[in-house]
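Peer 1: quick one: sequence and predicted model below, then my questions.
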Amino acid sequence: MSIAPSKAKAAKYSLHALGVCCGLAAATWLAAAEAPTKLVTAGFSPFLISLGMVAGVFVARWTVPVALKGTSYVLMDLREKPHLMVWALLAGMLWAVGNTLTVFAVRNVGLSIAFPLWNINSLVGLFWGWLLFRELRGSGGARVVGGAVAIVGGACLLAYATSQHSNTLPGGAPLGIAAALSAGLMFGTMYIPYRKAYISGMNPLSFVTIFTFGELGMVCSLALFFDGGLHNVMAGLVRARPVMFWLFLGGFCWVVGDLFQNYAAKYIGIARGIPLSNTNQLWGLAWGVLVFGELAGQGVMAHALVFTGSVIMILGALAICMAKASESEQSSWKTAVDRECIRYGLDSERVRSSLLGEDPLSRGKPVRHWWEFLIMAVAIAIFVWLGLGAEHQAVAVNLPWMTVLLVTTLVCLAACGLLLWKRTRFS
């Protein structure tokens, strides 16, 4: 009788560690995805920039699940939980609005100020996790809240330290700040469908497949409405052809980061997973300072503030990493899971096994189809075609540091991907 409890505790610990790793890996890729938003300074419409990134996201979101699990697996998962398709579409629409607002924010107040403002989404998500999904109920919740507040506070300190280096449009600061805060609200609310899907046992790969229709449909509607109709949008896309590869690449990086973020939300909840993924500002700072030299010429005070803000964010992340859900909180999670199972008539045993990292759908032995290879080939061909027409952007970079950060990002992908495969088979 003593063996089973010890195995259960080991499994819970390993899933907590896995969720933490996914949240931290998400940060590296989400930071890399924000660089293309600087292209708004080249005179392109924010709606066009957002449309280009979302088009890249759409291609990547179809390709990655097909490569990892196959279409049969995804369709089986969706047939079991058809009610969650509406929630996935809603999440995609919220993300599309939020992403478009971030482009306005970057254009008006710069990335260094906008980034921490929209990263209040961690506090918004933490609130929704507590209110709707019974997260942080019991001991240990205060440490998570303190860690999340520290991460946001450290981010704001970094923004203040680098604010004098940003390019603000004349008279546009209030609009940029409002856009960034509104984006944070959209992103934070988007995590409600995320968590609702995962406490129902849905695979993140299935969720993001439907998610992408919501985001693409919403951003197309925004572009058509605000950029003067189909003719103007198509003309803008033709003009943006030389930079479209970089937007697609940014969208692909965002998909990888968001998938890790989804797995973090599944296994440790949105109250823990989202603040950890929001340490992406540390990586964004590394790109800005080490690669693009954004603090060149700044005084000792600016460097001291950057160091202090970075330390605060790291300490906040460490606090969340060590704040494993207590038994009382896990009991509250179980209550939320039971509520979803009763409401939608789900098999509670299958849902619980999915939350423990098992993969009930794999017992159905989904088969691979020839068209899956065609989908991946088309996606690769699109990237190659755009890459052939891409133009070099006149941005000075430090190649050695760029290489270091790229290698680090790829190592995070390989290490965390391997952990996910070995522990859950991407369940």
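Peer 2: Everything's here; your move. Residues are numbered from 1 along each chain as shown.

Peer 1: in space, what's closest to Leu90 - neighbours in sequence excluded?
Peer 2: Spatially, and ignoring its direct neighbours in sequence, Leu90 is nearest to Pro193 (5.6 Å; Cβ to Cβ, 6 or more residues apart in numbering). C-beta coordinates here come from the backbone N, C-alpha and C atoms, glycine included.

Peer 1: actually Gly357, sorry about that
Peer 2: Here the residue nearest Gly357, using Cβ to Cβ, 6+ apart, is Thr424, at 4.1 Å.

Peer 1: remind me which residues of the stretch 201-350 of the chain are low pLDDT?
Peer 2: 294-297 (pLDDT under 70).

Peer 1: one step back: from Met85, how far off is the residue nearest to Leu90?
Peer 2: Pro193 is 10 Å from Met85, where distance means Cβ to Cβ, to the nearest Å.

Peer 1: which one's more surrounded, those two?
Peer 2: The residue with more neighbours, out of Pro193 and Met85, is Pro193; 22 against 19, by other Cβ atoms under 10 Å.

Peer 1: follow-up on the earlier one: what residues are up against the residue nearest to Leu90?
Peer 2: 84, 87-88, 90-91 (Cβ atoms under 8 Å, 6 or more residues apart in numbering).

Peer 1: try 7 Å this time
Peer 2: 87-88, 90-91 (Cβ atoms under 7 Å, 6 or more residues apart in numbering).

Peer 1: could you say which helix or strand holds it?
Peer 2: helix 173-198 (DSSP states H and E).

Peer 1: to the chain's geometric centre, what's the distance from that helix?
Peer 2: Relative to its parent chain, helix 173-198 has a centroid offset of 12 Å by Cα atoms, centre = their mean, to the nearest Å.

Peer 1: what's the mean pLDDT across that helix?
Peer 2: For helix 173-198, mean pLDDT rounds to 88.

Peer 1: next one: stretch 29-38
Peer 2: 75.

Peer 1: thinking again about what came up before, can you tell me which of the contacts of Pro193 end up in helices?
Peer 2: When DSSP state H is applied, those are split such that 87-88, 90-91 fall in helices.

Peer 1: of all those residues, which comes closest to Leu346?
Peer 2: Each of the ones in helices among the contacts of Pro193 was checked against Leu346 using Cβ to Cβ; the closest is Trp87, at 13.9 Å.

Peer 1: could you verify my assumption that that closest one touches Tyr194?
Peer 2: No: with contact defined as Cβ atoms under 7 Å, Trp87 does not count as touching Tyr194 (8.7 Å).

Peer 1: so the residue nearest to Gly357 versus Ser362, what's the distance?
Peer 2: Taken as Cβ to Cβ, the span from Thr424 to Ser362 is 10 Å.

Peer 1: same question, Trp118
Peer 2: Per Cβ to Cβ, Trp118 is found 37 Å from Ser362.

Peer 1: and if you look at Arg143?
Peer 2: 35 Å.

Peer 1: show me what contacts Gly324?
Peer 2: Residue 324: Lys, not Gly. Residues counted as contacts of Lys324 (Cβ under 7 Å, 6+ apart) are His16.

Peer 1: please apply the same query to Val145.
Peer 2: Applying Cβ under 7 Å, 6+ apart, the residues near Val145 are Leu126.

Peer 1: regarding it, what is its secondary structure?
Peer 2: Recorded secondary structure, Val145: helix (DSSP: H, G, I helix; E, B strand; the rest coil).

Peer 1: that one and Leu126, how far apart?
Peer 2: In terms of Cβ to Cβ, Val145 sits 7 Å off from Leu126.

Peer 1: related to what we said a few turns ago, of the ones in helices among the contacts of Pro193, grab the buried ones for ChimeraX.
Peer 2: A single ChimeraX command is used to select the members of the ones in helices among the contacts of Pro193 judged buried by 16 or more other Cβ atoms under 10 Å:
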select :87,88,90,91
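
Peer 1: which pair in the ones in helices among the contacts of Pro193 spans the largest distance?
Peer 2: Ala88 and Leu90 (7.2 Å).

Peer 1: who touches both of those two?
Peer 2: Common neighbours of Ala88 and Leu90 (Cβ under 7 Å, 6+ apart) are 193, 214.

Peer 1: so Thr424 and Ser362 - more neighbours on which side?
Peer 2: Thr424 (20 against 14).

Peer 1: backbone phi and psi for the more buried one, please?
Peer 2: Backbone torsions for Thr424, taken as degrees, to the nearest 10, come to phi -130, psi -10.

Peer 1: if we can go back for a sec, got a pLDDT number for the residue nearest to Gly357?
Peer 2: 90.

Peer 1: tell me how far it lies from Met234.
Peer 2: 43 Å.
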